[in-house]
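*Asks:* Structure for the following, please:
(one chain, ligands or ions: 1)
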Amino acid sequence: MHLDFSPEDLAFQQEVRTFIAENYPAELRGKQDEGDELSKEDFLSWHKVLAKKGWIAPAWPVEYGGTGWTATQKYIWSEETARADCIRLMPFGLSMVGPVIYTFGTPEQKAKYLPGILSGDVWWCQGYSEPGSGSDLASLRTKAVRDGDHYVVNGQKTWTTMAQHADWGFFLVRTDPDAKQQEGISFLLIDMKSPGITVRPIITLGGEHEVNEVWLEDVRVPVENRIYEENKGWTCAKFLLAHERTGIAGVAASKRGIEKVKTIARTELDGDKPLLANAFFKRKIAELEMDLTALEFTELRSLAGESAGKGPGPESSLLKIKGSEIQQRLTELTLEAVGHYGAPYFRGFGEGDNEHPIGPDYAHRAAPTYFNTRKTTIYGGSNEIQRNIIAKMVLGL
Ligand SMILES: Cc1cc2nc3c(=O)[nH]c(=O)nc-3n(C[C@H](O)[C@H](O)[C@H](O)COP(=O)(O)OP(=O)(O)OC[C@H]3O[C@@H](n4cnc5c(N)ncnc54)[C@H](O)[C@@H]3O)c2cc1C
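*Replies:* Below you'll find the model as predicted:
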């Protein structure tokens, strides 16, 4: 693993910086920085700029629309987009169902679904979890019964992120109730406008509408929408989760986050000195930075492995655990740094509020972001479950 950038890498870094400076949508500037809630249009405006440039799917093979970048170039890309406070792209199409479709789908399925994921014209959601089937996902009960060339799907999914915007969803359903749990599951692509689908909001601690319940009542899904073989959906499900976990590490964004906390701590006072001069606070920042550096090297090793042809394996659980814990610690430090100014805005300050916010701008979303980030150790498979995976698959216990 070489850590120095070659002249070509440095030229690429410059190209990326210039591209972002010239093309990042003006209306999005500052939004990520201030932690604003983002609309569907916000997510799509950056997505479409990147799709036009051909830079939307760096992780995909070139034949399906990937960029062909080296591991170092991908690393530079994530560093530079974080550095410029670019908003994160929705992962459901690009990082989740897209790789499943180009790996397990038929040529017809690839031709039908991949272009919409790349262009951003089709918004996807993930229908895995159910009430009672989260960590124990294989116990899921949403059932799909064959009726000629259709499945009839009945059940309930929950925590379905951004399903309120979704055009399509990828769902795990039980197609053989008599088989061993993992062997009776299939992976279906379902048009969210199908009759029988109801999406109901769940409002989270920070006041955001991010997650939903999805009810499926006698939803008819063509058999041709099934990816891979009937009852073999667990293979696709596991493959997708490994991809989901690597992306969750968020190293570049956390590096940027530490810079921001430091800026706040230089401005906020502890007595008559900047908070950053407080030995206890400084120590917490230093510990966080050391942990993040260790995580960064682990991610670089994993990227080097990927460029040598090894897909993300169980070690992606490690990236997920450490990355999500660091994200939470960052929001804790931010809330601590803004102190009392964080208190009036447990649910954020935004459109419709008819008073002047008190305190500096960076304080307004500190509390909602803190609450929202509690999710990171739960979603993508809880951190306790990731520890079980590491114990079994990495340590062989
Ligand atoms: C914000 C958010 C967004 C999400 N988005 C989606 C989405 O888009 N699509 C989707 O399908 N799902 C989504 N999820 C669901 C997520 O994957 C589940 O919440 C997660 O897998 C945990 O399942 P659970 O909530 O049912 O908790 P449970 O499985 O009931 O777990 C409860 C607690 O027990 C612990 N626990 C359970 N089993 C074990 C064990 N064997 N050993 C040790 N500890 C254990 C868990 O770690 C957890 O702390 C989202 C969740 C959140 C919070």
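
*Asks:* CA atoms for contacts and neighbours, from now on please.
*Replies:* OK.

*Asks:* Listing request: residues of the stretch 1-150 of the chain with sub-threshold pLDDT.
*Replies:* 1-3, 32-36 (pLDDT under 70).

*Asks:* Going by residue numbers, what spans are strands in the protein?
*Replies:* 124-127, 143-147, 150-158, 168-174, 185-191, 197-203, 209-222, 226-227, 269-270, 273-274 (DSSP state E).

*Asks:* Flag every residue of the protein that's near the ligand.
*Replies:* Contacts of the chain with the ligand, taken as C-alpha under 6 Å from any ligand atom, map to 126-129, 132-136, 159-161, 375, 378-382, 384-385.

*Asks:* Just the residues you listed: which are in helices?
*Replies:* Secondary structure from DSSP state H places E384, I385 of the residues of the chain next to the ligand in helices.

*Asks:* Narrow the residues of the chain next to the ligand to just the buried residues.
*Replies:* Neighbour counting by 16 or more other C-alpha atoms under 10 Å classes 126-129, 134-135, 159-161, 378-382, 385 among the residues of the chain next to the ligand as buried.

*Asks:* just to revisit the earlier point, out of the strands of the chain, which gets the lowest mean score?
*Replies:* Comparing mean pLDDT across the strands of the chain, the weakest is strand 269-270, with a mean of 94.

*Asks:* a markdown table please, covering the strands of the chain and showing distance to F280.
*Replies:* Shown next, in a markdown table, are these (distance: least, C-alpha to C-alpha, whole Å):
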| stretch | distance to F280 |
| --- | --- |
| strand 124-127 | 42 |
| strand 143-147 | 54 |
| strand 150-158 | 41 |
| strand 168-174 | 47 |
| strand 185-191 | 50 |
| strand 197-203 | 35 |
| strand 209-222 | 35 |
| strand 226-227 | 53 |
| strand 269-270 | 11 |
| strand 273-274 | 13 |
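
*Asks:* Relative to K255, tell me which of these wins on proximity.
*Replies:* With C-alpha to C-alpha as the measure, strand 273-274 is the member of these nearest K255 (21.2 Å).

*Asks:* So what are the sheet partners of that closest one and their directions?
*Replies:* Partners of strand 273-274 in the sheet, by DSSP bridges, are strand 269-270 (antiparallel).

*Asks:* Can you name the residues in contact with the partner strand?
*Replies:* With contact meaning C-alpha atoms under 8 Å, 6 or more residues apart in numbering, strand 269-270 is reached by L275, N278.

*Asks:* please redo it, this time with the cut-off set to 10 Å
*Replies:* By C-alpha atoms under 10 Å, 6 or more residues apart in numbering, the surrounding residues in contact with strand 269-270 are L275, L276, A277, N278, A337, V338.

*Asks:* From the residues you listed, list the buried ones, please.
*Replies:* By 16+ other C-alpha under 10 Å, those give L275, L276, A337, V338 as buried.

*Asks:* out of those, what pair is the most spread apart?
*Replies:* Greatest spacing in those, by C-alpha to C-alpha: L276 and V338 (12.1 Å).

*Asks:* in the stretch 201-350 of the chain, what residue is nearest the ligand?
*Replies:* Closest residue of the stretch 201-350 of the chain to the ligand, C-alpha to the nearest ligand atom: V211 (6.0 Å).

*Asks:* can you pull the contacts of that residue?
*Replies:* 158-164, 199-204.

*Asks:* Same list (these) but as JSON lines, adding distance to E244.
*Replies:* Shown next, in JSON lines, are the contacts of V211 (distance: C-alpha to C-alpha, whole Å):
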{"residue": "T158", "distance to E244": "18"}
{"residue": "W159", "distance to E244": "16"}
{"residue": "T160", "distance to E244": "15"}
{"residue": "T161", "distance to E244": "14"}
{"residue": "M162", "distance to E244": "16"}
{"residue": "A163", "distance to E244": "17"}
{"residue": "Q164", "distance to E244": "21"}
{"residue": "V199", "distance to E244": "23"}
{"residue": "R200", "distance to E244": "24"}
{"residue": "P201", "distance to E244": "23"}
{"residue": "I202", "distance to E244": "22"}
{"residue": "I203", "distance to E244": "23"}
{"residue": "T204", "distance to E244": "22"}
